[in-house]
Every structure is written in structure tokens, then in C-alpha cells.
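> The sequence and its predicted three-dimensional model are supplied below.
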Amino acid sequence: MIFPLILVSCLTASALGQVSTTLPNYMLGEYVLETSDGFNDYMWQLGVNWFTRQIACALYPTATNNQTANGDITVETSSTFKSTSITFRLGTPFEESTADGRTVSTTAVLNGNKIVKTQVGNPTTIETREFLENGDRMILIHTMPSEPSIKSVRGYVRTKVL
């Protein structure tokens, strides 16, 4: 009776220690911004100037999520004002230069239907991409643990499957 118990314990511990490194296909594609709420307040809290905030809030950027066979994930965001691109691996910390000018230590993980990026810096922020309707919608949520009342929710619709 002890052998099956040990075997189950080892298998459970092994399964808990695994971190997924592959995104589901429904998270890959090209998305265009459709709705935005709280983005101006979020950028203000980060110290982004008034002029830049006004332009950023008036734009409808395109976000593209892609992953190579070796596990590298690339998230590109492009607009007529500013474009950014980051490449990373799930569960591996990396240095990121954010669109608002901060340099942070970021770690991204897959949590169910969400990609969660924790950006440790001044201030620390959390960027969550939640995928709904089999990936046809992506909700980008920006939060700050130090300012719980500050939250940006931006809704994207998929325009292209990769």
C-alpha cells in the first residue's frame, strides 16, 4: 500500500513543478483595440505626460502575439504614434523597456486562459492578457499592486489567426 502512495506523491509533485512553455493556438494572432477604460488614469499614475496620454488614448493599436517552435514568444504592439516589440519565454525573467519608459524585470507565466506579466520596477505593474471566445477576444488589463484603485481594461478583437 505504501508503494502506490509514494508513486502518486511523486507524480503529483512532478506535475506541479512543470511550467507550460507553449501558448495555446487560440492566443496567437493579430488583435485590434476596440474598447478602453481607465488607460489615461493608469498612464498618469506612471508619470506619462498629458500630451502623450491624449495621443495614446486616441489610438487603436494592433497587437500581435506569436510563438516560435523553440518557445520564444513575441508580442508586438503597433500604432501610428509608437510601436513596441518584446520577445520572451514563459517562466524566465527578462529585462523589459516598457512603452512608458521604465526598465523593469519581467516574468511572464501562463495561467489558464491568461498570459500574466509581472513587471518589477518603480512602480511594479501587472499586465494580464485574458483570451475569451476561443481567442476571438483579448482583454488587456493593467494593474498596480501599490495602487489597487488604478486599473486599465482594454478590449481587443482578433482580426487574423496566425
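Thanks, I have it.
> For the helix or strand harbouring residue 51, C-alpha coordinates in PDB please.
Assigned by DSSP states H and E, residue 51 belongs to helix 50-58. Taking C-alpha atoms only, helix 50-58 is exported to PDB below (Å, rounded to 0.1, in the frame of the first residue of the first chain):
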ATOM      1  CA  TRP A  50      -0.600  64.900 -20.600                       C
ATOM      2  CA  PHE A  51       0.200  65.200 -24.400                       C
ATOM      3  CA  THR A  52       1.400  61.600 -24.700                       C
ATOM      4  CA  ARG A  53      -1.600  60.400 -22.700                       C
ATOM      5  CA  GLN A  54      -4.000  62.200 -25.100                       C
ATOM      6  CA  ILE A  55      -2.400  60.700 -28.200                       C
ATOM      7  CA  ALA A  56      -2.200  57.200 -26.700                       C
ATOM      8  CA  CYS A  57      -5.900  57.300 -25.700                       C
ATOM      9  CA  ALA A  58      -7.000  58.300 -29.200                       C
END
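> and that helix, what's its mean pLDDT?
Per-residue pLDDT over helix 50-58 has a mean of 94.
> where does this structure have low pLDDT?
1-19 (pLDDT under 70).
> where along it do the strands fall?
Applying DSSP state E to the chain gives strands spanning 29-37, 62-67, 73-78, 84-88, 94-97, 103-111, 114-120, 125-132, 137-143, 151-160.
> closest one to residue 43 among those?
strand 151-160 (8.0 Å; Cβ to Cβ). All C-beta spots, glycine's among them, are computed from the backbone N, C-alpha and C.
> Contacts made by the closest one with the rest, please.
29-39, 41-42, 62-63, 135-143 (Cβ atoms under 8 Å, 6 or more residues apart in numbering).
> Using neighbour counts, pick out the buried residues of that strand.
152, 153, 154, 155, 156, 158 (16 or more other Cβ atoms under 10 Å).
> can you redo the strands of the chain as CSV with distance to residue 21?
Listed next are the strands of the chain as CSV, based on distance: least, Cβ to Cβ, whole Å:
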stretch, distance to residue 21
strand 29-37, 19
strand 62-67, 9
strand 73-78, 9
strand 84-88, 11
strand 94-97, 14
strand 103-111, 8
strand 114-120, 12
strand 125-132, 16
strand 137-143, 20
strand 151-160, 23
